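Participant: Sequence first, then the predicted structure, then my questions.
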Amino acid sequence: MAADQEVHERNRPLEEAAISDFSERDRELLAKFGMTEEQMERDERMAESETEPDGLTGRVHYGMHLDQPDEEMISVSIRVPKSTLDELTETARRYHISRSEYMRRKFAAPVG
């Protein structure tokens, strides 16, 4: 019985390595910062979650954030090729904001 347990203990690192998605380099970096694979996976789940607050991105503000928040907003219509509109829509979707909000931010960005 003791021999079986010894073989199992010897094979354990191989079994764990087969299950883990972390490379040896990943493990070295985790060790350098005093983290375990479990901590990293937990932090990854929290950062990827759309519902858990993670403190990584800070507070999300919607709307235009210029120096004059009380200034009246007006609507502007522009004509753009459909491919450009599709690109704007897709980029806004990746940022999890509306297309209008994405375009406001682009217009408010410094030129140059």
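Facilitator: Looks like it arrived, so ask away. Numbering: from 1, shown residues only.

Participant: okay, CA-based contacts and neighbour counts for the rest of this
Facilitator: Noted.

Participant: quick one: low-confidence parts of the chain?
Facilitator: Across the chain, the ranges flagged by pLDDT under 70 are 1-19, 50, 52-69, 112.

Participant: one more time with 80, if that's ok
Facilitator: The chain contains residues with pLDDT under 80 at 1-20, 46-71, 73, 108-112.

Participant: show me where it has helices.
Facilitator: Secondary structure of the chain (DSSP state H): helices at 2-19, 24-32, 37-48, 82-94, 99-108.

Participant: For the last one, buried residues please.
Facilitator: Buried positions in helix 99-108, judged by neighbour count with 16 or more other Cα atoms under 10 Å: R99, Y102.

Participant: Report all helices and strands that that helix contacts.
Facilitator: With contacts defined as 3 or more Cα pairs under 8 Å, 6 or more residues apart in numbering; DSSP states H and E, the packing partners of helix 99-108 are helix 82-94.

Participant: what sits up against the helix it packs on?
Facilitator: With contact meaning Cα atoms under 8 Å, 6 or more residues apart in numbering, helix 82-94 is reached by S98, R99, E101, Y102, M103.

Participant: The residues you listed: which two are farthest apart?
Facilitator: Farthest-apart pair in the contacts of helix 82-94 is S98 and M103; separation 8.7 Å (Cα to Cα).

Participant: among the helices of the chain, which is the most enclosed?
Facilitator: helix 99-108 (a mean of 14; mean count of other Cα atoms under 10 Å).

Participant: could I get that one in PDB with only the CA atoms?
Facilitator: In PDB, the C-alpha atoms belonging to helix 99-108 read as follows (Å, rounded to 0.1, in the frame of the first residue of the first chain):
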ATOM      1  CA  ARG A  99     -22.100  54.300 -30.600                       C
ATOM      2  CA  SER A 100     -23.200  57.900 -29.800                       C
ATOM      3  CA  GLU A 101     -21.000  57.900 -26.600                       C
ATOM      4  CA  TYR A 102     -18.100  56.500 -28.600                       C
ATOM      5  CA  MET A 103     -18.500  59.200 -31.300                       C
ATOM      6  CA  ARG A 104     -18.700  61.900 -28.600                       C
ATOM      7  CA  ARG A 105     -15.400  60.800 -27.100                       C
ATOM      8  CA  LYS A 106     -13.800  60.700 -30.500                       C
ATOM      9  CA  PHE A 107     -15.000  64.200 -31.300                       C
ATOM     10  CA  ALA A 108     -13.800  65.500 -27.900                       C
END
